[in-house]
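**Student:** Take this sequence and fold it.
(2 chains)
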Number of protein chains: 2
Amino acid sequence: MSTTARTAALELFAHHQETLDRAVQAIAERGYWSPYPESLKQYPEESVKGAQSAFEAQLNRHFSLVGSQSVGRAGSERSPYGFDLGVTYDQYDADALLGRMQQALPAWRDAGPAARVGTCLEILQRLNALSPTLAHAVMHTSGQAYMMAFQAGGPHAQDRGLEALAYAWRAMSEVPEAARWIKPQGKQEPLVLDKRWHIVPRGLSLVIGCSTFPTWNTYPGLFASLATGNPVLVKAHPGAILPVAMSVKVAQDVLGELGFDPALVSLVVDTPDAPVSQHLALDPRVKLVDFTGSNAFGNWLEANATQAQVFTEKAGINTVIIDSVRDLKAVARNLAFSLSLYSGQMCTTTQAIYVPRGGIRNGEECLSFEEVGQTLAGAVRSFLADNERACAVIGAIQSEATAQRIQACRELGEVLLDSEAREHPQFPGARIHTPLLLKVDAADRAAYAEERFGPIAFVIATDDTEHSLRLAAEVIGEKGALTLGIYSTDEAVLDRAEQLSMEVAVALSVNFDGGIFVNQSAAFSDFHASGGNAAANASITDGAFVARRFVTVQSRRHAVP
Amino acid sequence: MSTTARTAALELFAHHQETLDRAVQAIAERGYWSPYPESLKQYPEESVKGAQSAFEAQLNRHFSLVGSQSVGRAGSERSPYGFDLGVTYDQYDADALLGRMQQALPAWRDAGPAARVGTCLEILQRLNALSPTLAHAVMHTSGQAYMMAFQAGGPHAQDRGLEALAYAWRAMSEVPEAARWIKPQGKQEPLVLDKRWHIVPRGLSLVIGCSTFPTWNTYPGLFASLATGNPVLVKAHPGAILPVAMSVKVAQDVLGELGFDPALVSLVVDTPDAPVSQHLALDPRVKLVDFTGSNAFGNWLEANATQAQVFTEKAGINTVIIDSVRDLKAVARNLAFSLSLYSGQMCTTTQAIYVPRGGIRNGEECLSFEEVGQTLAGAVRSFLADNERACAVIGAIQSEATAQRIQACRELGEVLLDSEAREHPQFPGARIHTPLLLKVDAADRAAYAEERFGPIAFVIATDDTEHSLRLAAEVIGEKGALTLGIYSTDEAVLDRAEQLSMEVAVALSVNFDGGIFVNQSAAFSDFHASGGNAAANASITDGAFVARRFVTVQSRRHAVP
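**Tutor:** The predicted structure is shown next:
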């Protein structure tokens, strides 16, 4: 190991320690906190103004990173807003790249937790400074509207990275570096050993990104692994490489400047025709796999990458149960936002809304099932009436498959609100579709109890709230979910929902009818996924998310008196 | 949930909190500490004097526990000291038992961490009081000599149970119960949510015990799971049921007295002809599996019990590398004790001893390979010369298969020290055999690089220490190990060994030539297994050992102003 690199990294640790300490406090208290501003106004004016051109300067050219020998180029990203990015990336000989990263591991390991965490904190700070530009890259790969791309892809993603770092730091700090063990022996001299403990990484870490949240879903695994000593291979989704490549470049810059091998964080790109994740995930050198994406591949990884610790976030059936409300209009406005935001392409967006077929109480009045459905549909319709505002909320549909799914799903029930194609004010070629809301019966499980990724939701007629709770338990028990919303004015029903949330290990949001939404997840406060149902085998982020990324190796010897 | 049970359990928590707090301090500092005395003198005289008859009173009768409906009886334990225990145990309808435990889960979960941990602390204290009697049950199932059975099966096992409890308590305490989340909104009113977090157990926990350490290897999984809310099914090894049954009875007594379902900790027994572990481990209700035993079954569990979190401790090739010493006689005395203790039936006992074929430096002189081998053999011979003392150290061979293995292995190399059958002073029928020490060449990997469970060790001639280090890395890299000993007077070699220990994630003991032995593992200080090589997929006990046993489920609602 280069002592210089370690020393320089320790200086970064000292420089950023206040942020780290505050983050460690935040994960223990879980109130509101964030070090990365979510308002563009708090970023330097020149970086905001120059973001667009900085983004454009990267288009239609080759993006260079450190890796192993290039064996070809890939990259055919197309913005959901209707143009090709034209960026290419190197493809490396996988064996050579993994070999190089394996060789870089001992120096990174021996630098120790503080040097590694200091390095990661610097990477995060530079990513934060890059947020306005990163936002364009996130927008034009995921399809998120600019403001969401900025917040979710910038500061919120950095928050989650820092949160993972705080967990990693806390977990490593809980292992002492050394201790003297003195065991009394009655009247004889005590037995005395000097012991040392080393944090030892598992090996190489493979982080497989997704197309909808290329940074937010990638940073937790990346920083949790890197901080605990594991070199990280980031495999970007072929549809969303650029924001990942920009992030890897920041990491490589920091590592290289310090004197570590920049390839400790490396990018892997592939194409839909020749995917490489399976091959990489089974490489015996790969000991950690983080994945966000489909059930099919997530389940395959869990079953087959048995040489590795596997962390997956997959699909589920996010659910809302409406029992009774004080003000249905407020509830409908709240749900309309959730259903619309980023066209329902969030892993937390509600798909199944259970409502008793006999209707619900709304304050002092009773509303029929039909009225509830119409009120929800009307709320979405009026929320998206202004096209410019609509486009700034719903963004674009990331993939053509999702756009086609909206059409295909129209047959699954009675259309309460049809999906409309919209034209974006700045991007005429953008793939924009408003939400589809369907009415189905509880018996139509084949329709609503499969994940329909995209802006597709179902209002489901149940016998009564009892029935809604039972169905939710069954469907989430089988398919998983990240979010459950409950609306009731009856504390007994809320207690039942709280029990249900524990039984199927899903996060519960109660009576959200104001400015907070069931699909929002705040770093340092909300645990994203519980890891206890089929939608995800791990939470991002908690203690279990980091604990398995390293082992502790001890050495002990007689103390020199 | 019975509020009375919870209240009573919280009183136990308060009563034992000082012990818990000290244990949490101990796992953070990892110096010497134990709350459970390892000297019989510190136990009440009547309990020590009455232990033998209390043990005998349990023989040749039925051992009753709470379970589900009995569908038969099993139990054919035979003491390695030469007599049948004659104890029978109920076999339950597995589906009914798992159903009952599943039903008991919500009340146990909702009692909360402090009530659960208070209950566990009381169980541990009662187990401690029972230690003198438990020791007889451990002795006459495992074959350990009485003093070791008392220490390893009593206080040391309880230490490991308490250590797991301390980790579980710390991990659960790191999740706040509730918080108010206040997000500023510029000039508008802040967004305010009240959030709650619940520790939610994974489900049923299956702990599969082994015959050699029926309590020591069972308690960590048992207490880690129980404290985090998971009902625990303990499947005892058919050869070592009684100490497990006695432990389960203590747990059931405490649970029942408090008003919880005693079946929250249940015993399952089977027979070698009709094993039940596979069936239980695949039950969808079983979400946690702890296992100590063979590679074959451990690997099967890891590959097949994919609905569960699986923690295994399996076999490995524990290793000593001799490069140079100050005093070979002291080293040989030290190793003689390790090789002899409990006839090498510890998961930490050295099997492979690498020595350069050109000999080693011993202080100022050079010793040939032959002299090193003879010195080791002589040290074991003279250590075991006194038969009574020998029997008090080596105990009995747990299984006939191990006794036969000693004979079979004599063909694997040149005999440096032959194994002798011995007669026990009190138990003429005891199965007692002294260690077998063989000389082989480094090329004979098929001989020494397979686990030879029992008092069987190899002195392996290598080209030089470089070769020894390389072989150790290869063999441990492939087969795993829990312990590595290094003997060298050269700091550069010790540094190499420290690097090696990190590369293959094995605990290193340096130049042990006094009263501490490579096969000893002290609770609250030594991590037992790293979880980073093939000998074990988890450490007992560290943060990762508990973190996956529960998930966190949150609920959030608008704060009432």
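**Student:** Quick one: classify A:Arg556 as helix, strand or coil.
**Tutor:** A:Arg556 carries the three-state label strand when classified by DSSP: H, G, I helix; E, B strand; the rest coil.
**Student:** Strands of the stretch 301-450 of chain A, start to end?
**Tutor:** Using DSSP state E, counting those that start in this stretch, the strands assigned to the stretch 301-450 of chain A run over residues A:309-313, A:319-322, A:324-325, A:352-356, A:360-362, A:365-367, A:414-417, A:421-422, A:432-433, A:436-441.
**Student:** who wins for proximity to chain B among those strands?
**Tutor:** Nearest to chain B among these is strand A:309-313 (9.3 Å), distances taken as C-beta to the nearest C-beta. (Glycine included, C-beta is placed from N, CA and C.)
**Student:** can you list the residues that contact that closest one?
**Tutor:** The contact list for strand A:309-313, computed with C-beta atoms under 8 Å, 6 or more residues apart in numbering or on different chains, reads A:202, A:217, A:221, A:287-293, A:298-299, A:301-302, A:347, A:529, A:535-538, A:540, A:545, A:548-549.
**Student:** The residues you listed, buried ones only, as a ChimeraX selection?
**Tutor:** Buried residues within the contacts of strand A:309-313, as defined by 16 or more other C-beta atoms under 10 Å in any protein chain shown, are selected in ChimeraX through the command that follows:
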select /A:202,217,221,287,288,289,290,291,292,293,298,301,302,347,529,535,536,537,538,540,545,548,549
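**Student:** I'd like the distance between the residue nearest to A:Val415 when sequence neighbours are not counted and A:Ser555.
**Tutor:** Of all residues beyond its chain neighbours, the one nearest A:Val415 is A:Leu438 (6.1 Å), with distances taken as C-beta to C-beta, 6 or more residues apart in numbering or on different chains. Distance of A:Leu438 to A:Ser555, computed by C-beta to C-beta, to the nearest Å: 63 Å.
**Student:** same question for the helix or strand harbouring A:Gly118, mean pLDDT?
**Tutor:** Assigned by DSSP states H and E, A:Gly118 falls within helix A:94-129. For helix A:94-129, the per-residue pLDDT values average out at 98.
**Student:** Buried residues in it, which are they?
**Tutor:** Judged by neighbour count (16+ other C-beta under 10 Å), helix A:94-129 contains these buried residues: A:94, A:97-98, A:100-101, A:104-105, A:107-109, A:111-129.
**Student:** of these, list those near chain B.
**Tutor:** A:Arg109 (C-beta under 8 Å from any C-beta of the partner chain).
**Student:** Where do the domain boundaries of chain A fall?
**Tutor:** Structural domains of chain A, as assigned by automatic domain parsing, span the residue ranges A:3-21+A:57-173+A:200-315, A:319-510.
**Student:** so where is chain A shaky, pLDDT-wise?
**Tutor:** A:1-2 (pLDDT under 70).
**Student:** So which residues on the stretch 1-150 of chain A come close to chain B?
**Tutor:** Counting by C-beta under 8 Å from any C-beta, the stretch 1-150 of chain A comes close to chain B at A:Ile27, A:Ala28, A:Glu29, A:Arg30, A:Gly31, A:Tyr32, A:Pro106, A:Arg109.
**Student:** go on, the stretch 251-400 of chain A?
**Tutor:** Taking C-beta under 8 Å from any C-beta, the part of the stretch 251-400 of chain A that reaches chain B is made up of A:Glu302, A:Ala303, A:Thr306.
**Student:** how near is the residue of chain A positioned farthest from its centre to A:Ala522?
**Tutor:** When distances are taken from the C-alpha mean of chain A, A:Lys187 lies farthest, 59.3 Å away, according to C-alpha atoms, centre = their mean. Note on A:Lys187: its distance to A:Ala522, by C-beta to C-beta, is 60 Å.
**Student:** now A:Ile406
**Tutor:** Between A:Ile406 and A:Ala522 the computed distance is 29 Å (C-beta to C-beta).
**Student:** Phi, psi for the residue most central in space within chain A please.
**Tutor:** Taking C-alpha atoms, centre = their mean, the centroid of chain A lies closest to A:Asn217, which sits 2.8 Å from it. As for A:Asn217, its main-chain torsions (degrees, to the nearest 10) stand at phi -90, psi -10.
**Student:** quick one, what contacts the closest residue to it other than its chain neighbours?
**Tutor:** Computed as C-beta to C-beta, 6+ apart, the closest residue to A:Asn217 that is not its neighbour in sequence is A:Thr292, at 4.1 Å. Under the criterion of C-beta under 8 Å, 6+ apart, the contact partners of A:Thr292 comprise A:Ile208, A:Gly209, A:Cys210, A:Phe213, A:Asn217, A:Thr218, A:Thr312, A:Glu313, A:Cys347.
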